[in-house]
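Asks: coords below, sequence missing:
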Ligand SMILES: [Zn+2]
């Protein structure tokens, strides 16, 4: 047994480096995390915004898939997308991934779509939701 550095309660010694009981160790981790956030707030906000932008593109790819094929319950299709093709490598139903589509979009179109710019599918080519048919 060992005495906690903060509350002096006895606790089971699981390793030599442990100096606090579970409760105090958890509390200390929370304080450290809050301190870290306070001193890196700006970077963290930018990092999260970038991650959300990337997520947003993946979600947009997924949303187009739903507009064409519907969700698991078959809901969410939109008539203007009915019968549209969806690129195989981006289609999880056929071994592809939405992320692959999102990666292609970021590389070739840029950080679009974002909250301000939606993804446009060319309806005239018959290629559907596929590389080189988006803008
Ligand atoms: Zn303690």
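Replies: That came through fine. Quick caveat, the model's predicted, so the values are computed rather than measured. Numbers count the residues shown, from 1 in each chain.

Asks: burial of the residue nearest to residue 87 when sequence neighbours are not counted, as a residue count?
Replies: Spatially, and ignoring its direct neighbours in sequence, residue 87 is nearest to residue 130 (3.9 Å; Cβ to Cβ, 6 or more residues apart in numbering). From N, CA and C alone the C-beta is placed, and that goes for glycine too. Residue 130 sits with 20 neighbouring residues when counted by other Cβ atoms under 10 Å.

Asks: and the one 4 residues further on, by the same measure?
Replies: Around residue 134 there are 22 other residues, counting by other Cβ under 10 Å.

Asks: the residue nearest to residue 87 against residue 91, yeah?
Replies: No. Residue 130 lies out of contact with residue 91 (Cβ atoms under 8 Å); the separation is 10.2 Å.

Asks: which residues touch the closest residue to residue 128 other than its chain neighbours?
Replies: Leaving aside its chain neighbours, residue 128 sits nearest to residue 85 (3.0 Å; criterion: Cβ to Cβ, 6+ apart). With contact set as Cβ atoms under 8 Å, 6 or more residues apart in numbering, residue 85 has these partners: 126, 127, 128, 129, 130.

Asks: next: residue 125.
Replies: Shown in contact with residue 125 (Cβ under 8 Å, 6+ apart): residue 133.

Asks: doesn't it lie inside a strand?
Replies: No. Note on residue 125: no strand contains this position according to DSSP: H, G, I helix; E, B strand; the rest coil, which reports coil.
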